[in-house]
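**Q** Output the structure for:
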Amino acid sequence: MGAEERFSSFADSVGLSTTSRDLSCLMRGARWLAQASSASGVSQYATAEDALLRAMGPALAYFADPEAITTGRLVDIGCGNGALGATIAFFSPNLFVDLVDRAKRAYTIAEVLVARLGLENARVHHAAAQEVRRRWDVAVFRALAPADEALPLAVSLVVPGGHVCAYHRRGDTGFERPTVDLEVVGSYETLVSELSLTRYRR
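**A** Presented below is the predicted three-dimensional model:
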């Protein structure tokens with residue numbers, strides 16, 4: 001099964017439909033991520049297919065929970081190349097997504113990705129998330145920091161009752177059994193075998 005078929009199949013499994021136009025647009029973004037990866041070192045994706053599955057694909061797990069927030073505001077903390085937040089925004093037109101990273105190179109790559117995907121519901125910020133001075137309905141992150149650093153930061157950024165979604169290495173007990181004031185809602189597989197998503201409610 002090819003990359004686009006694997007992506008589409010996983011999308012179907014979480015209740016998302018992907019048209020040929022959707023896949024064409026997403027592949028356009030994936031080609032940019034692969035190109036930027038080879039030039040910048042922000043991430044390591046050798047091909048567009050690799051970027052589609054490993055950079056953008058994990059975002060699909062966000063929708064595995066029927067309680068996933070698809071309206072309101074979401075922040076992708078330390079967004080890096082922007083693949084996670086931008087892909088969530090692509091499938092949630094009623095959700096406004098702030099992609100935040102303090103690294104100038106990451107900000108530039110994410111800004112181009114948002115443009116390549118034609119997203120009107122996403123904005124990239126060259127800043128630390130705390131500097132944006134806003135509270136969000138949901139915060140997501142991937143490879144941000146260990147659980148004892150990342151989760152308290154995320155909690156401080158979401159409204160009471162809001163969600164935190166942590167993408168982390170499978171079996172990381174710091175994320176699977178957090179010590180901060182968060183209720184674990186569920187844990188979900190992603191298109192990357194070693195990567196899990198744990199969702200919490202504040």
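**Q** And the residue nearest to the spatial centre of the chain, how far from R169?
**A** With distances taken as CA atoms, centre = their mean, L84 lies nearest the centre of the chain, 2.4 Å away. Distance, L84 to R169, by CB to CB, to the nearest Å: 15 Å. Quick note: C-beta positions are derived from backbone N, CA and C, even for glycine.
**Q** List the buried residues for stretch 78-97?
**A** 78-92, 95-97 (16 or more other CB atoms under 10 Å).
**Q** before we move on, back to that, what's near enough to touch the residue nearest to the centre of the chain?
**A** A55, M56, P58, A59, D76, V140, F141, R142, Y167 (CB atoms under 8 Å, 6 or more residues apart in numbering).
**Q** so what does the helix or strand of the chain with the lowest mean pLDDT touch, helix or strand wise?
**A** Every helix and strand in the chain was compared by mean pLDDT, DSSP states H and E; the lowest is helix 20-40, with a mean of 91. If contacts are counted by 3 or more CB pairs under 8 Å, 6 or more residues apart in numbering; DSSP states H and E, helix 20-40 sits against helix 3-13, helix 48-50, helix 83-91, helix 104-116.
**Q** next structured bit after the longest one?
**A** What that stands for is helix 104-116. Next along the chain after helix 104-116, taking DSSP states H and E as the criterion, comes strand 122-126.
**Q** now the third one
**A** Once the chain leaves helix 83-91, the next helix or strand it forms, by DSSP H and E, is strand 95-101.
**Q** Give the partner strands of that next one in its sheet and their orientations.
**A** Sheet pairing of strand 95-101 (DSSP bridges) gives strand 72-77 (parallel), strand 122-126 (parallel).
**Q** Appreciated, that's everything.
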